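S.K.: the amino acid sequence is not available; the structure is as follows:
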């Protein structure tokens, strides 16, 4: 079973050893050296599994695991030099699927990865359906958006809002409800965050961003995504 694996490890020798053994098993491997880079890489190109060291700069592995668990069910194998029961339980409580203490055998690492991948394949639900709202197409599995047949590049936060609204077209979402979909995607969230994302999305998906016909403001309430079929449902 070959898979795309991200190894987040700041010890270069350990990272290189893990990479070599996993590639020998047939996996494609991306190595990153800190927690922030791990989050960015997982969001940029979601892997089938993350090998995650606990002690890392910028953002430690425990925080990385905590953040990712709010976003996905990505299998996580944690590595740590800590070996107490409390440390192990904390990692598992935060959502790690397995835990290895250093020093470890690279052959055991490969075996643990193989087991986790096999388990995740058995438990994986069908891919999310592609969502279509008028000329807008949102593909959660591929993290892709198109408008009028044209590919649209969205930030993770923009995609999270668009996905939420496309799943329930015509529903009015308050700003507070939309903010709830941004946790884990936007590092700094303020009351203006939703408005900024909406403004940027309109530039990307509206035929005329100055007269939006798809992403509509419902004054005093929030926003909704509509099928712009006849263009009659417009913001004033």
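M.R.: That came in fine, so what should we check first? If you're wondering where the values come from, they're calculated on a predicted model, not measured in any experiment.

S.K.: and the strands in the chain?
M.R.: Secondary structure of the chain (DSSP state E): strands at 4-8, 28-32, 49-53, 76-80, 98-101, 131-133, 136-139, 144-147, 150-152, 173-174, 215-218, 222-225.

S.K.: against residue 104, how distant is residue 112?
M.R.: From residue 112 over to residue 104 the distance is 9 Å, taken as Cβ to Cβ, to the nearest Å. No exception for glycine: its C-beta is placed from N, CA and C like everyone else's.

S.K.: picking up where we left off before, can you say which of the strands of the chain is packed in most?
M.R.: Sort the strands of the chain by mean neighbour count, taking mean count of other Cβ atoms under 10 Å, and strand 49-53 sits at the top with a mean of 26.

S.K.: re the thing from before, pick out whichever of residue 112 and residue 104 has more residues nearby.
M.R.: Neighbours per residue (other Cβ atoms under 10 Å) separate residue 112 from residue 104, with residue 112 holding more: 19 against 15.

S.K.: quick check: pLDDT value at the more buried one.
M.R.: pLDDT for residue 112: 92.

S.K.: give me every residue that touches it.
M.R.: Residue 112 is in contact with 77, 98, 100, counting by Cβ atoms under 8 Å, 6 or more residues apart in numbering.

S.K.: which helix or strand in the protein has the lowest average pLDDT?
M.R.: Least confident helix or strand of the chain, by mean pLDDT, DSSP states H and E, is helix 85-93 with a mean of 65.

S.K.: among the strands of the chain, which is nearest residue 204?
M.R.: Distance to residue 204, taken as Cβ to Cβ, is lowest for strand 150-152 among those, at 4.8 Å.

S.K.: got a list of what residue 116 touches?
M.R.: 49, 75, 77, 97-98 are the contacts of residue 116 under Cβ under 8 Å, 6+ apart.

S.K.: alright, calling it a day.
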